[in-house]
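Q: sequence unknown, structure follows:
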């Protein structure tokens, strides 16, 4: 369990770091100093302006016009941005690795308890009310986080407002790492603890208990493949939209990758509703499974 908590902390830190990196990548390009259309020329004691087209050609050092300095500034900006991109990519790689380890660890924990027996054995020594309280809090934060962020993201996408979208994708996705991931982990650990204390183990628990954990595994896989994996692409697209908005462009459209995420979010909400339906109706215990007549 300590290993799972350590992995969860690593995932949360990596996610928060990568989100901060991606949302702060704005490329600043120095503007070139324009040449004056007319150049003064001294003729005796009288100064008069002569059009550049009639002025004799004379080569000038590049640095006299500021070109070399400007090119150095642009090169420095590009180098800084490249380093930020590399750091953000590394952080995202760490996040994905931690996410994969988290999914594999939790899935293995569920399967071991379902097919081998109670693990670890000290779960039987923890009071049932401790597991029950943890399960209620974890489930509330988990389900509420998924449904609430789905609604907010849809409203932000429909607004087509670059400032609203930039705020959402720079702040709200961090809740996944700080609330949703810990909440679903606590729900799983406390749920297995409840099954162990109440029924003697997950492998001999009523059928609706196994159905709940199977649904949780399916949700975690779906959420990881369709939601977390597209956050980086969505953040980059929103940042580009926000930069265009700052440059003065108008009538900007919400990026397609942001709109496509809504389907994934809706499916995640149905997973949450399915989980709570299984907990309330307890198919196989209080009521029959819908497919019972065909088995």
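A: Received, thanks. Computed from a prediction, not measured in an experiment: that's the story for all the values here.

Q: low-confidence stretches in the stretch 1-150 of the chain?
A: Applying pLDDT under 70 to the stretch 1-150 of the chain picks out residues 1-85, 88, 92.

Q: how about stretch 118-127, which residues are buried there?
A: Within stretch 118-127, the residues that qualify as buried are 118, 123, counting by 16 or more other C-beta atoms under 10 Å. Quick note: C-beta positions are derived from backbone N, CA and C, even for glycine.

Q: what about it, start to end distance?
A: Stretch 118-127 stretches 15 Å from its first residue to its last (C-alpha to C-alpha, to the nearest Å).

Q: show residues contacting that stretch.
A: 1, 109, 112, 113, 192, 193, 196, 197, 200, 201, 202 (C-beta atoms under 8 Å, 6 or more residues apart in numbering).

Q: which stretches of the protein form strands?
A: 39-43, 46-50 (DSSP state E).

Q: average pLDDT across stretch 197-210?
A: Taken as a whole, stretch 197-210 carries a mean pLDDT of 89.

Q: doesn't residue 264 make contact with residue 226?
A: Yes. Between residue 226 and residue 264 there is a contact under C-beta atoms under 8 Å: 3.9 Å.

Q: dump the contacts of stretch 118-127 to TSV, plus distance to residue 221 and neighbour count.
A: Below are the contacts of stretch 118-127 laid out as TSV (distance: C-beta to C-beta, whole Å; neighbours: other C-beta atoms under 10 Å):
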residue	distance to residue 221	neighbour count
1	22	11
109	15	21
112	18	16
113	18	24
192	18	26
193	23	23
196	24	26
197	28	20
200	28	13
201	24	19
202	19	26
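
Q: which of these sit farthest apart?
A: The largest separation in those, counting by C-beta to C-beta, is between 1 and 200 at 19.7 Å.

Q: how close does the closest residue to residue 107 other than its chain neighbours sit to residue 106?
A: Take residue 107 and drop its neighbours on the chain: the residue closest to it by C-beta to C-beta, 6 or more residues apart in numbering is residue 217, 5.6 Å away. Residue 217 is 8 Å from residue 106, where distance means C-beta to C-beta, to the nearest Å.

Q: when the two are compared, which one has more neighbours?
A: Higher neighbour count among residue 217 and residue 106: residue 106, with 22 against 15, using other C-beta atoms under 10 Å.

Q: touching, that one and residue 186? I think so.
A: No. Contact criterion C-beta under 8 Å: residue 106 and residue 186 do not qualify, at 11.1 Å.

Q: do I have it right that residue 268 meets residue 225?
A: No. With contact defined as C-beta under 8 Å, residue 268 and residue 225 do not form a contacting pair (11.2 Å).

Q: of the two, who's got more company?
A: Taking neighbours as other C-beta under 10 Å, residue 268 and residue 225 compare with residue 268 leading, 19 against 12.
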